[in-house]
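**Q** Here you go, sequence then predicted model.
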Protein chains: 2
Amino acid sequence: MKLLLISNSTNAGEAYLAWPQTYIKDFCNRHQIKKVLFIPYAGVNLAPEGLEASYNLYESKVAGVFASLGLELTSIHRYDDPVAAVREAECVATGGGNTFHLVAMLHQYGLMKAIRERALDGMPYMGWSAGSNVACPSLRTTNDMPIYQPESFDCMNLIPFQINPHYLDANPDGHAGETREQRLEEFLAINREITVVGLREACLLEVEGTRLDLKGSRNLRIFRYGKPAEEVSPGTDLNYLLK
Amino acid sequence: MKLLLISNSTNAGEAYLAWPQTYIKDFCNRHQIKKVLFIPYAGVNLAPEGLEASYNLYESKVAGVFASLGLELTSIHRYDDPVAAVREAECVATGGGNTFHLVAMLHQYGLMKAIRERALDGMPYMGWSAGSNVACPSLRTTNDMPIYQPESFDCMNLIPFQINPHYLDANPDGHAGETREQRLEEFLAINREITVVGLREACLLEVEGTRLDLKGSRNLRIFRYGKPAEEVSPGTDLNYLLK
């Protein structure tokens, strides 16, 4: 498998998709990708006119960045037969936004299975934020609001652990709601057998066959039921997480 | 109907259930409540031994506070027939924690319907955090992580609008994930007909028949599709939200 699983599109104060650009370019060059099929379904409100307009705007926003990297990008919502589009794609890229709406549409259009099959067969897959969540066994570690009920929480299961993107250490001062770590501890109490990795902003995970690398400027925080959370830095051997 | 819908059990740095105590006491006195039936299912990890131990600990934590207010409290997990326990209850109180697990258990045990029927029939209901979410049409504006898939996102629908408890204005500095307002705008893009109220910590909503009051020390933030968000202060007439 060839996966690029990015925590966040954009760091605070930076241009859209600025920080992961070099990683996206390297990933596509290495895998000889020229054309990318984009999945826009997490983008529910980029345009006030509705979903179609939102997908159009999302496509043009991402296509602009990808064009600057020498990559052609088309959104799947342009195709009459989205499953066929996935079957013929060189690479699929799934954008961030609302994970629940994304997962609902992927199930509804038969794409969860179609993308999974192609990715298991070696097609490069990349995603950021919600697009990284859907590579996991389920959406159960998304941070997003459940604005829409998907037919199932199950996702592509391309990796055997859960990613929590935009991993965040603290609440704003004086706020008493659960911290991210407390939320993940609740997850583990109910899902004891699954490992969760807290992927901080400006970080990504890259999978190449049996190899798993953390790239970016921050540590990864690994959570397992009944064990203290563990901090690992970029460069640490993480291959065991794929087993 | 008689509802007390509390944003949060505990303010940062304060004792458990400290701030809403006087409101809980007034509510129970006014409605001549002596015994409260507690719903603990949102509390998934208070004890490391598992759910049963967690519910026991949650019950004793809340019962301690309620005893100091002259109220007897028993958790529903003690009853062989939880639906019968609801049918006979003077008042139901639902504690905070994980909304997804709470909603799943309420559906699984037939309690979503049973509590709804009693509340519509005049039984006083109170909840905090997740316990306020479940009084709404659905769980779609919870902040919680979807650690468990409920059979449906539908909730009790005791009020015709959605509460977002622990409403929070800003992200921590330097964090680029969606703000709460951005999440609620995503909700409204997909659910255009429903009003959402952002209920800040140290605030609650009280329903008494056709009357809706905001109590506490902060404003309420009201969100409607296609309209600017509106700030209203305690004392404002909110009855129209119940129509």
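**A** Good, I have the coordinates.
**Q** From now on I want contacts and neighbour counts done on CA atoms only, so please keep to that.
**A** Fine.
**Q** Now do the same for the spatially most central residue of chain A: its pLDDT.
**A** The residue lying closest to the centre of chain A (CA atoms, centre = their mean) is A:Ser132, at 1.4 Å. pLDDT recorded at A:Ser132 is 98.
**Q** now do A:Val196
**A** With respect to pLDDT, A:Val196 has a value of 98.
**Q** Might one say that it is in contact with A:Phe161?
**A** Yes: in this structure A:Val196 lies within contact range of A:Phe161 using CA atoms under 8 Å: 5.8 Å.
**Q** neighbour-wise, which of the two wins?
**A** A side-by-side neighbour count of A:Val196 and A:Phe161, using other CA atoms under 10 Å in any protein chain shown, places A:Val196 first with 24 against 19.
**Q** Neighbours of A:Glu14, how many?
**A** A:Glu14 has 11 nearby residues by other CA under 10 Å.
**Q** mind checking the SS state of the closest residue to the residue nearest to the centre of chain A other than its chain neighbours?
**A** Using CA to CA, 6 or more residues apart in numbering or on different chains and skipping the chain neighbours, the partner closest in space to A:Ser132 is A:Leu5 (5.0 Å). Under DSSP: H, G, I helix; E, B strand; the rest coil, the three-state class of A:Leu5 is strand.
**Q** wait, A:Leu5 sits on A:Ala202?
**A** No: using CA under 8 Å, A:Leu5 is not in contact with A:Ala202; the gap is 11.4 Å.
**Q** Beta-bridge partners for A:Tyr125, please?
**A** Here A:Tyr125 sits in beta bridges with A:Leu3, A:Val92, going by DSSP bridges.
**Q** A:Lys2 is in contact with that one, correct?
**A** Yes: with contact defined as CA under 8 Å, A:Tyr125 and A:Lys2 form a contacting pair (6.4 Å).
**Q** Compare the two (neighbour count), which wins?
**A** Neighbour totals were compared for A:Tyr125 and A:Lys2, and A:Tyr125 leads with 29 against 23 (other CA under 10 Å).
**Q** Enumerate every residue touching A:Ala85.
**A** A:Leu37, A:Ile76, A:Tyr79 (CA atoms under 8 Å, 6 or more residues apart in numbering or on different chains).
**Q** any idea which element it lies in?
**A** In this assignment (DSSP states H and E), A:Ala85 forms part of helix A:82-88.
**Q** now that helix: mean pLDDT?
**A** For helix A:82-88, the mean pLDDT works out to 98.
**Q** Quick one: residues in contact with the helix or strand of chain A with the lowest mean pLDDT.
**A** Ranked by mean pLDDT, DSSP states H and E, the weakest helix or strand in chain A is helix A:180-190, scoring a mean of 94. For helix A:180-190, the surrounding residues in contact (CA under 8 Å, 6+ apart) are A:140-141, A:167-170, A:194, A:196, A:223-225, B:44-45, B:48, B:50, B:98, B:144-145, B:147-148.
**Q** Pull that helix out as CSV, backbone CA atoms only.
**A** This file holds the C-alpha atoms of helix A:180-190, laid out as CSV (Å, rounded to 0.1, in the frame of the first residue of the first chain):
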residue,chain,number,x,y,z
ARG,A,180,-8.8,15.4,23.5
GLU,A,181,-6.9,12.9,25.6
GLN,A,182,-10.0,12.4,27.8
ARG,A,183,-12.1,11.8,24.7
LEU,A,184,-9.6,9.2,23.4
GLU,A,185,-9.6,7.5,26.8
GLU,A,186,-13.3,7.2,26.5
PHE,A,187,-12.8,5.6,23.0
LEU,A,188,-10.3,3.1,24.4
ALA,A,189,-12.6,2.2,27.3
ILE,A,190,-15.2,1.0,24.8
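**Q** which residues touch A:Asn143?
**A** A:Asn164, A:Pro165, B:Asp144, B:Met145.
**Q** send the alpha carbons of the longest helix along chain A over as PDB?
**A** Assignment by DSSP state H gives helix A:51-68 as the longest helix of chain A. Extracted in PDB, the C-alpha atoms of helix A:51-68 (Å, rounded to 0.1, in the frame of the first residue of the first chain):
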ATOM      1  CA  LEU A  51     -23.500  20.900  -1.800                       C
ATOM      2  CA  GLU A  52     -23.000  20.900  -5.600                       C
ATOM      3  CA  ALA A  53     -21.600  24.500  -5.500                       C
ATOM      4  CA  SER A  54     -19.600  23.600  -2.400                       C
ATOM      5  CA  TYR A  55     -18.000  20.600  -4.200                       C
ATOM      6  CA  ASN A  56     -17.200  22.800  -7.300                       C
ATOM      7  CA  LEU A  57     -15.500  25.400  -5.100                       C
ATOM      8  CA  TYR A  58     -13.600  22.800  -3.100                       C
ATOM      9  CA  GLU A  59     -12.400  21.200  -6.400                       C
ATOM     10  CA  SER A  60     -11.100  24.500  -7.700                       C
ATOM     11  CA  LYS A  61      -9.400  25.400  -4.500                       C
ATOM     12  CA  VAL A  62      -7.500  22.100  -4.300                       C
ATOM     13  CA  ALA A  63      -6.900  21.900  -8.100                       C
ATOM     14  CA  GLY A  64      -5.200  25.300  -7.900                       C
ATOM     15  CA  VAL A  65      -2.700  24.000  -5.400                       C
ATOM     16  CA  PHE A  66      -2.200  20.700  -7.200                       C
ATOM     17  CA  ALA A  67      -1.700  22.500 -10.500                       C
ATOM     18  CA  SER A  68       1.200  24.400  -8.900                       C
END
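**Q** Can you name the residues of chain A that neighbour chain B?
**A** Chain A has residues A:8, A:10-12, A:44-45, A:48, A:50, A:98, A:139-149, A:152-153, A:166, A:168, A:170-172, A:174-177, A:183-187, A:189-191, A:201 near chain B, with proximity defined as CA under 8 Å from any CA of the partner chain.
**Q** can you give me the helices for chain A?
**A** Under DSSP H, chain A gives helices at A:21-30, A:51-68, A:82-88, A:99-108, A:111-120, A:130-133, A:180-190.
**Q** Let's have those helices in a markdown table, adding distance to B:Ala104.
**A** Conversion of the helices of chain A to a markdown table gives the following (distance: least, CA to CA, whole Å):
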| stretch | distance to B:Ala104 |
| --- | --- |
| helix A:21-30 | 39 |
| helix A:51-68 | 30 |
| helix A:82-88 | 32 |
| helix A:99-108 | 17 |
| helix A:111-120 | 24 |
| helix A:130-133 | 22 |
| helix A:180-190 | 12 |
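**Q** any idea how far B:Thr210 is from A:Ala104?
**A** To B:Thr210, A:Ala104 is 37 Å away according to CA to CA, to the nearest Å.
**Q** quick one: which of those two has more around it?
**A** More crowded of A:Ala104 and B:Thr210, by other CA under 10 Å: A:Ala104, with 19 against 13.
**Q** Could I get the contacting residues of the residue of chain A most remote from its centre?
**A** Residue distances from the centre of chain A (CA atoms, centre = their mean) peak at A:Gly174, which lies 30.6 Å from the mean C-alpha position. By CA under 8 Å, 6+ apart, the contact set of A:Gly174 is B:Asn11, B:Ala12.
**Q** nearest to chain B, of the contacts of A:Ala85?
**A** Nearest to chain B, judged by CA to the nearest CA, of the contacts of A:Ala85 is A:Ile76 at 20.0 Å.
**Q** Report the contact partners of that closest one.
**A** Counted by CA under 8 Å, 6+ apart, A:Ile76 has contacts A:Leu37, A:Phe38, A:Ile39, A:Pro40, A:Pro82, A:Ala85.
**Q** so can I have a markdown table of those showing distance to A:Ala119?
**A** As requested, those are exported to a markdown table (distance: CA to CA, whole Å):
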| residue | distance to A:Ala119 |
| --- | --- |
| A:Leu37 | 13 |
| A:Phe38 | 14 |
| A:Ile39 | 14 |
| A:Pro40 | 18 |
| A:Pro82 | 16 |
| A:Ala85 | 14 |
